[in-house]
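Novice: this one's structure only:
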């Protein structure tokens with residue numbers, strides 16, 4: 001749909017290293033999002049926080065995370081990968097503030113700063129990779145980067161508890177700060193990340209960036225892809241938040257099954273991103289997105305219907321696969337569907353913001369349905385059907401995705 005800027009990384013090894021360095025930043029983002037259950041008991045017993053205060057710490061993180069998506073994407077169009085210094089700095093400083101604080105006010109500030117760093121990751125990495133990599137490399141790069149989500153979730157829930165036992169909540173946040181510093185240095189050590197993007201004269205002025213945002217907001221394809229991302233996040237958060245309760249209430253499962261469930265979901269997402277990149281290259285991005293959304297709609301609706309704990313666990317793993325299988329295809333599409341290269345940042349920011357809204361709305365509605373139905377089988381059935389609708393809506397919407405708008409102008413590549 002537009003003439004791309006000249007790619008600055010043309011080798012497979014160079015593209016993989018760039019994507020791998022961004023993947024590790026994504027790992028840190030997933031860890032900061034998933035780490036609160038690890039330190040909850042310590043914050044209760046050592047600091048004396050209430051459950052409401054602990055919940056607010058997560059809400060503050062998510063609030064700043066969601067608010068940063070669009071501004072970070074627009075800023076990345078102008079300053080490129082240099083924005084990752086602020087993102088990783090947010091992880092480092094926010095984690096240090098939390099670790100060195102003993103009161104609720106300091107904890108709030110620390111989580112807010114972490115949220116700022118987290119909300120900038122994808123919104124910054126997207127424009128940088130679109131600018132640096134040729135279209136044929138983007139799908140594989142997004143597949144590698146996307147693996148960071150599953151890896152980070154698994155690391156937070158399986159490795160951080162050991163650190164918490166040794167040194168308490170302070171040690172957990174200090175460990176995250178150290179890891180964030182290392183991965184930030186690794187990413188920013190690459191000249192291509194630090195180099196300012198090249199756009200047409202005047203393309204990154206304040207007025208032009210606002211105009212690019214308005215163009216992205218009114219772009220049907222950008223919004224449909226953002227809706228697909230909302231489905232991914234809504235189902236992922238909703239499934240992991242409420243399936244442990246479902247298994248305990250209606251399948252008589254042990255409480256520790258929740259940890260295995262979330263870790264398994266993370267492992268499924270880890271594998272799905274790699275498979276998604278391969279599938280998109282073989283069958284095309286559009287088919288992978290529509291097919292994945294259709295399958296995950298059915299599987300999500302089946303979770304409360306299948307009998308026994310093992311079958312539910314299998315269905316949840318399959319949901320994790322198909323809810324994230326199309327991530328590389330979805331993100332790889334964004335540079336193609338916008339009118340100008342400098343609009344990639346705004347489009348990626350919109351995609352991030354829509355995904356964030358799904359993470360807030362879906363589990364809340366699920367909870368309302370459980371409260372209204374007394375956590376009965378009917379209430380859980382309604383909750384999972386509601387999650388399935390998050391995937392069904394974009395699946396139908398993709399039927400109106402106008403591939404012909406850019407098919408004839410795209411760079412000759414299967415991906």
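Specialist: On my side now, so go ahead. These figures come from a predicted structure and were not determined experimentally.
Novice: so where do the strands sit in the chain?
Specialist: Here the chain has no strands by DSSP state E.
Novice: please parse it into its domains.
Specialist: 8-198, 203-400 (automatic domain parsing).
Novice: any chance of those in JSON lines with mean pLDDT and mean neighbour count as columns?
Specialist: Just so you know, the C-beta spots here come from the backbone N, C-alpha and C atoms, and that holds for glycine as well. Listed next are those as JSON lines, based on pLDDT from 0 to 100; neighbours: other C-beta atoms under 10 Å:
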{"stretch": "domain 8-198", "mean pLDDT": "92", "mean neighbour count": "21"}
{"stretch": "domain 203-400", "mean pLDDT": "90", "mean neighbour count": "21"}
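Novice: helices along the stretch 101-250 of the chain, start to end?
Specialist: Assigned by DSSP state H, counting those that start in this stretch, the helices in the stretch 101-250 of the chain fall at 104-132, 135-158, 160-188, 191-194, 206-217, 220-250.
Novice: tell me the angle the last one makes with helix 104-132.
Specialist: It refers to helix 220-250. 140 degrees (axes from the mean of the first three to the mean of the last three C-alpha atoms, to 10 degrees).
Novice: and helix 220-250, how far out from the chain's middle?
Specialist: 11 Å (C-alpha atoms, centre = their mean, to the nearest Å).
Novice: kindly report the same for the shortest one.
Specialist: Between the centre of helix 191-194 and the centre of its host chain there is 23 Å, according to C-alpha atoms, centre = their mean.
Novice: against which helices or strands is that helix packed?
Specialist: For helix 191-194, the elements it packs on are helix 12-34, judged by 3 or more C-beta pairs under 8 Å, 6 or more residues apart in numbering; DSSP states H and E.
Novice: remind me what the helix it packs on packs against, helices and strands.
Specialist: Helix 12-34 packs on helix 51-79, helix 83-100, helix 104-132, helix 135-158, helix 160-188, helix 191-194, going by 3+ C-beta pairs under 8 Å, 6+ apart.
Novice: same list, these, but as CSV with distance to residue 323 please.
Specialist: Shown next, in CSV, are those (distance: least, C-beta to C-beta, whole Å):
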stretch, distance to residue 323
helix 51-79, 19
helix 83-100, 25
helix 104-132, 16
helix 135-158, 11
helix 160-188, 24
helix 191-194, 29
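Novice: out of these, which is closest to residue 206?
Specialist: Proximity to residue 206 (C-beta to C-beta) singles out helix 51-79 among the helices and strands packed on helix 12-34, at 9.2 Å.
Novice: now the angle from the closest one to helix 83-100?
Specialist: 160 degrees.
Novice: do you know how far residue 143 is from residue 296?
Specialist: Going from residue 143 to residue 296 by C-beta to C-beta, to the nearest Å gives 18 Å.
Novice: whoops, I mixed them up, residue 189
Specialist: Counting by C-beta to C-beta - residue 189 and residue 296 are separated by 38 Å.
Novice: from what I can see residue 169 touches residue 40, true?
Specialist: No - contact between residue 169 and residue 40 fails when scored by C-beta atoms under 8 Å: they sit 9.0 Å apart.
Novice: got a list of what residue 384 touches?
Specialist: Shown in contact with residue 384 (C-beta atoms under 8 Å, 6 or more residues apart in numbering): 300-301, 303-304.
Novice: nearest to residue 185, of these?
Specialist: The closest of those to residue 185 turns out to be residue 300 (C-beta to C-beta; 39.9 Å).
Novice: grab the nearest non-local neighbour of the closest one.
Specialist: residue 388 (4.2 Å; C-beta to C-beta, 6 or more residues apart in numbering).
Novice: surely the one you found meets residue 297?
Specialist: Yes - here residue 388 reaches residue 297: they are 4.9 Å apart, a contact under C-beta under 8 Å.
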